[in-house]
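Chemist: Below is the structure, and that's it, no one-letter string:
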């Protein structure tokens, strides 16, 4: 948990691609279904994002890619996953490496 807290502390309010971003812990929500997933498929819906503690990054430029976000997050440590939420403008997610669940 300390690594994620350090990432929030070190990255929140920093300039990123011409914008000042807000980094905070993401609230858990129901997993999304893949857009092209068959509604009649069996089993639990699959989430695009892996499980684990996520950091919500708000205020990102609309030109930001997940690669840009992941590279920026590396300033605070290892990032195992990053994504830009195209459904919510100016928002992305990062998952610190130390919070990937064991498989």
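Modeler: Great, that's in hand. Just so it is clear, the structure is predicted and the values come from calculations on it, not from any experiment.
Chemist: can you give me the strands for this protein?
Modeler: Per DSSP state E, the chain carries strands over the ranges 15-16, 19-20, 22-25, 55-58, 79-84, 91-96.
Chemist: Which of those sits closest to residue 66?
Modeler: Proximity to residue 66 (CB to CB) singles out strand 79-84 among these, at 4.8 Å. From N, CA and C alone the C-beta is placed, and that goes for glycine too.
Chemist: Direction included, what does the closest one pair up with?
Modeler: Paired neighbours of strand 79-84 in the sheet (DSSP bridges): strand 91-96 (antiparallel).
Chemist: Enumerate the beta-bridge partners assigned to residue 81.
Modeler: Beta bridges link residue 81 to residue 95, judged by DSSP bridges.
Chemist: Next, count neighbours for it.
Modeler: By other CB atoms under 10 Å, 19 other residues sit near residue 81.
Chemist: quick revisit: so which of the strands of the chain is the most packed in?
Modeler: Most buried of these by mean neighbour count (mean count of other CB atoms under 10 Å) is strand 91-96; its value is a mean of 23.
Chemist: what's near enough to touch the nearest residue to residue 76 once chain neighbours are set aside?
Modeler: Residue nearest to residue 76 in three dimensions, not counting chain neighbours: residue 7, with 3.9 Å by CB to CB, 6 or more residues apart in numbering. Residue 7 sits next to 23, 55, 73, 76, 77, 94, 96 when contact means CB atoms under 8 Å, 6 or more residues apart in numbering.
Chemist: and the gap between the residue lying closest to residue 55 once chain neighbours are set aside and residue 27?
Modeler: Spatially, and ignoring its direct neighbours in sequence, residue 55 is nearest to residue 94 (4.7 Å; CB to CB, 6+ apart). According to CB to CB, to the nearest Å, residue 94 stands 15 Å off from residue 27.
Chemist: Equivalent analysis for residue 81, please.
Modeler: Distance, residue 81 to residue 27, using CB to CB: 17 Å.
Chemist: again with residue 53
Modeler: According to CB to CB, residue 53 stands 11 Å off from residue 27.
Chemist: Just want to know which of the two has more residues nearby.
Modeler: Neighbours per residue (other CB under 10 Å) separate residue 53 from residue 27, with residue 53 holding more: 16 against 7.
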